[in-house]
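Participant: based on what follows, work out the 3D shape:
(chains A and B)
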Amino acid sequence: MSRRRTLPAISALLLSACAGPQQSSLNSAGPQAGHTESLWWVFLGILSLILIAVLGVMLAALARRHPEFEPASPERTAAAADRTERRLTRAVAAATIATVAILFFLLVASVSTGKTIAGLASPGSGLTIEVTGNQWWWYVRYLDDNPQRIAVTANEIHIPVGRPVQIRGTSQDVIHSFWVPGLNGKRDLIPSHITTEWIQADRPGRLRGQCAEFCGLQHARMALWVVAEPESQFEAWLDRQRQPAVPPSDADTQAGYQVFMSHACVLCHNIAGTPAHGQFAPDLTHLAGRMTIAAGALPNNKGTLGGWILDPQSIKPGNHMATISLKPGELQPLLDYLGSLQ
Amino acid sequence: MIPLVETSRELDEEQERRTLERAWRHPGGLVGWCSYTTHQAIGMRYIVTAFVFLLAGGVEALLMRLQLARPENGFLGPDRYNQIFTTHGSTMMFLFAVPMMEGMGIYLVPLMLGTRNVAFPRLNAFGYWMYLIGGLFLYWGVFTNTAPDVGWFAYPPLSGPQFGIGKRVDFWAQMITFTEISALCVATELIATILKMRAPGMSLNRIPLFCWAMLVQSFMVIFAMPAVMLASNIFLLTDRTVGTHFTNPAEGGDPLLYQHVFWFFGHPEVYIIFIPALGMVSSIVDTHTRRAIFGYPAMVLSMAATGFIGFGLWVHHMFATGLPQIGEAYFTAASMMIAITSGVQIFCWLATMWSGRIRMTAAMHFVFGFVAIFVLGGLTGVMLASIPIDLQVHDTFFVVAHFHYVLIGGALFPLFGAFHHWFPKFTGRMIGETAGKATFWLLFLGFNLTFFPMHILGLKGMTRRIYTYQPEMGWGPANLLASIGAFVILCGGLLFLSNVIRSRRHGAPAGADPWASGTLEWAADSPPANYNFVYLPVVPGRYPLWTDPKQRGLVTGVRADRREVLVTTIMDAAPHHRYPLPGPSIWPLLTAAGVSAGLIWAVYQFSGYYPAIALGTAGLIGWFWPRTPAGDER
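Facilitator: Numbers count the residues shown, from 1 in each chain, chains lettered A, B, ... in the order given. Here you go, the predicted model:
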């Protein structure tokens, strides 16, 4: 079982190159998350002051206690003097009014921030990405009025910097939740429902997201990456996604192509331009261009891909990828072929 | 000793006591032990059983913390982890927190009200047996790899027939049925007891705050529990066992319907747990600051308002499902309103402490810890009411931190305070104070070490219910800290247990009223006799034991040769009539066994509900077979 330990270790090393607070909600990369972050700091500031005030009063009450306690005279102390009661009534009433006022302010701040974020929706922008949750990966389609131009990918979303993007979410099986903290809050993906959310990135970069609604065995390893890039780069990327797969060009990839097409892979995976039309698993047409495999579980390289194909259950126990039995000498060409799917 | 007895009266107390002893004697033998119907016995059974489930839930928490202590840990696999976190949540909510609060209510309410038992003693016993069998049923599942693994909320379709494998979800859903039946029994009898069986003179404005809390909680149970039975038993179980389509979108059902109904219960559930705890805090604060609680009417109204508002904010668990904006603003406002009613109570306690003479007992330590932790948890709750913030931190460890601050701070700390406060009443011996204070510090420090870092983890994007995480996420150190804290909490729990075991045998004898307290439970013996009071007291004020002994009266003319209580009017508690309560009975156990057999059968085959109904009816026939009340023969 050494692979079980070494593979995550390798992935850690490789991913740490692009590591950082990519999944922090306090590291906003767009206006939606930015407004939320500002609201958070307002709430944190005001509510911290309240906490300090309450604890201060409590400790002061503790400090002014009578050191000499007389257990035998309950009647004398059972009710404090009237004057004290009146003072206390005023203090409690003032504290209550202050609470109401502060809460009202926070309510207004929260609702107006909500309205601002809702106002960032921009139906004319023309970019709508459909995200469908699956146990435990993300099916992604870039919608287009012309069905020929619809691009399909998985587990990785590219968006152009500075342009609002609509996420249309739904689910194929159980409830998932789409959440990229750097861009916006979460939106549940519910079977038979369509939920929408707008995201926008203000600067180029890579942001990590993760399924936020418990969805079964591999809820922990259902991540996705959002790559924000300049408009031209994005358009180039999207164009490439619309193309069918690169045909195998040399003997190795040709052999790998045969391995893929003659095994169970084709039953679940789709590679556009080939006879593989499976629809139950991530589209592999441009697999080699992605940062990760297995929904963010591993970085995408020959070694990890080989480990994943040979024994997916040790990396993501319970996932729906079948373990296929390859003959000796079949794995290398298969990896060559998959590696050529740019 | 009966401090309420005026020495000038010529009453043969010894004779009365002997007669009462005979009428309220427990039957012997195992069958007799299973026939107890006195509230002290049933209440203590609830408390002990719930404490055992607390330990079980705590062990599950430790296992989770071990798994999450470092990234990519291999201690637990995903399947085992999912079972453990689901069982942890379900245990703590359904098998520990609610039954524990109910047990404290069953034990203390009749004593505080100055009566001899709860209104429906056999129903009380039946409720306990249902709870016990339901809890054992869930843990039978745990030890046979049939523990639920879909979260304590069991959202379909994950929990539905297509994705919820085996019998795991059925075990969970049916366990809910057991505990809800039990909770409804307790709510019914506590409402009847509090409204109709108070000591003469205890008008509504003199009821101890703990009893008010139990009254509000009981009404909440009656309105909330049917909702979860609808969700878990009708929607989920029938979808799974007989193929209905309540939650199946393909046939016009809707998974969101389940969420609405579940949270219509699930949110009030939080208040069902912590409102009794607020009552405990009031009892501890007035005794240990040596003054009446400041702002009694404000406290009562706040608790009642919490009970109402608590039903109007379930949607804040569902903000991420994408509901219309106008409704969302309403639910934000309603969620924030809870902070007003909770704030008023905090202010009143602070005013009480400010003007009282604080006695820093172990119980009082827990009250201070409660204020500190609960206020922080309440303030993060205000953050969660804000939709933009909630959409970021929802289903992350921030929420885990929040509700542990509210529930451990708001319910467990008051409960531990209550254990230290009422231990002399329960056992007749004082609990070790030094060990009690040490317990407090271990729990307080361990708690904050465990749960404070989780706020930061949530903000850094760590989602809930994940069995592992990758090292490059940077969540390792805070998780390790939290895991260390969990073991500090364990030390606190073990110290408490050893303190209880030692003090039960070797503690200093307590006497009836060791704290010089004001409410009626301290007028009874420690531990209380089965009949609580030799003569039922008459109540001249909010704190009967703090009033002039010359003003205190007592009731005569209630028969001592049978289990008889005084029924009083709802508003003023004027004596209305005497009422004989039933004695020991084995029928509650037999009925519970019959109903349980059917309910467990129903997990495997839906038709099991028919024998459940038949056996339950048979039990009720035996239960209600006409008998002459004891003592009426002559």
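Participant: find the closest residue to chain B in chain A.
Facilitator: When scored by Cβ to the nearest Cβ, chain A has A:Gly185 as its residue closest to chain B, at 2.4 Å. Every C-beta, even on glycine, is put in place using the N, C-alpha and C of the backbone.
Participant: wait, B:Val399 sits on B:Ile389?
Facilitator: No - using Cβ atoms under 8 Å as the test, B:Val399 is too far from B:Ile389 to be in contact (11.1 Å).
Participant: looking at those two, which is more packed in?
Facilitator: A side-by-side neighbour count of B:Val399 and B:Ile389, using other Cβ atoms under 10 Å in any protein chain shown, places B:Ile389 first with 27 against 21.
Participant: residue contacts, that one?
Facilitator: When contacts are counted by Cβ atoms under 8 Å, 6 or more residues apart in numbering or on different chains, B:Ile389 touches A:36, A:39-40, A:43, A:110, B:383.
Participant: 7 Å - rerun?
Facilitator: Taking Cβ atoms under 7 Å, 6 or more residues apart in numbering or on different chains as the criterion, B:Ile389 is in contact with A:36, A:39-40, A:43, B:383.
Participant: ditto for B:Ile194
Facilitator: When the contact criterion is Cβ under 7 Å, 6+ apart, the partners of B:Ile194 are B:109, B:113, B:207, B:211, B:214-215.
Participant: quick check, pLDDT for the residue nearest to the spatial centre of chain A.
Facilitator: Here the mean C-alpha position of chain A is nearest to the C-alpha of A:Gly209 (Cα atoms, centre = their mean), at a distance of 2.2 Å. According to the predicted model, the pLDDT of A:Gly209 comes to 96.
Participant: correct me, but it touches A:Val227?
Facilitator: No - at 11.5 Å, A:Gly209 and A:Val227 do not qualify as touching, with contact defined as Cβ atoms under 7 Å.
Participant: phi and psi next, for A:Arg141.
Facilitator: Recorded main-chain torsions at A:Arg141 are phi -130, psi 130, according to degrees, to the nearest 10.
Participant: for the residue lying closest to it once chain neighbours are set aside, give its distance to A:His176.
Facilitator: Counting by Cβ to Cβ, 6 or more residues apart in numbering or on different chains, A:Arg141 lies nearest to A:Glu130, which is 4.3 Å off, once chain neighbours are set aside. Computed with Cβ to Cβ, to the nearest Å, the distance linking A:Glu130 and A:His176 is 14 Å.
Participant: tell me which of those two has more neighbours.
Facilitator: A count of neighbours by other Cβ under 10 Å puts A:His176 above the other of A:Glu130 and A:His176, at 33 against 17.
Participant: which residues does the more buried one contact?
Facilitator: Counting by Cβ under 7 Å, 6+ apart, A:His176 has contacts A:133, A:189, A:211, A:213, A:215.
Participant: which of those come close to chain B?
Facilitator: Of the residues in those, proximity to chain B by Cβ under 7 Å from any Cβ of the partner chain holds for A:213, A:215.
Participant: outline the domain layout of chain A.
Facilitator: A:22-57+A:76-238, A:251-339 (automatic domain parsing).
Participant: make CSV out of these and add distance to B:Tyr296.
Facilitator: CSV is the format used below for the domains of chain A (distance: least, Cβ to Cβ, whole Å):
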stretch, distance to B:Tyr296
domain A:22-57+A:76-238, 11
domain A:251-339, 56
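Participant: B:Met430: which of the ones you listed is closest?
Facilitator: Evaluated over the domains of chain A, closeness to B:Met430 peaks at domain A:22-57+A:76-238, with 22.0 Å, by Cβ to Cβ.
Participant: can you pull out the strands in chain B?
Facilitator: Counting by DSSP state E, chain B has these strands, from start to end: B:537-538, B:553-554, B:564-568, B:575-580.
Participant: which one of those lies nearest to chain A?
Facilitator: strand B:537-538 (16.7 Å).
Participant: can you list the neighbours in contact with the closest one?
Facilitator: Judged by Cβ under 7 Å, 6+ apart, the contacts made with strand B:537-538 from elsewhere in the structure are B:4, B:114, B:199-201, B:520, B:523, B:544, B:552-555.
Participant: now that strand: mean pLDDT?
Facilitator: Over the span of strand B:537-538, the pLDDT mean works out to 94.
Participant: partners of that strand in the sheet?
Facilitator: The strands that strand B:537-538 pairs with in its sheet are strand B:553-554 (antiparallel) (by DSSP bridges).
Participant: could you check how far the strand it pairs with is from the centre of its chain?
Facilitator: Between the centre of strand B:553-554 and the centre of its chain there are 33 Å (Cα atoms, centre = their mean, to the nearest Å).
Participant: so what pLDDT did whichever residue of chain B sits closest to chain A get?
Facilitator: Shortest chain B-to-chain A distance, computed as Cβ to the nearest Cβ: residue-wise this is B:Leu391, at 2.4 Å. Among the per-residue scores, B:Leu391 holds a pLDDT of 96.
Participant: do the one 3 residues further on as well
Facilitator: What the model reports as pLDDT for B:His394 is 96.
Participant: I figured it hits A:Lys186, correct?
Facilitator: Yes - proximity of B:His394 to A:Lys186 meets the contact threshold set by Cβ under 7 Å, at 6.2 Å.
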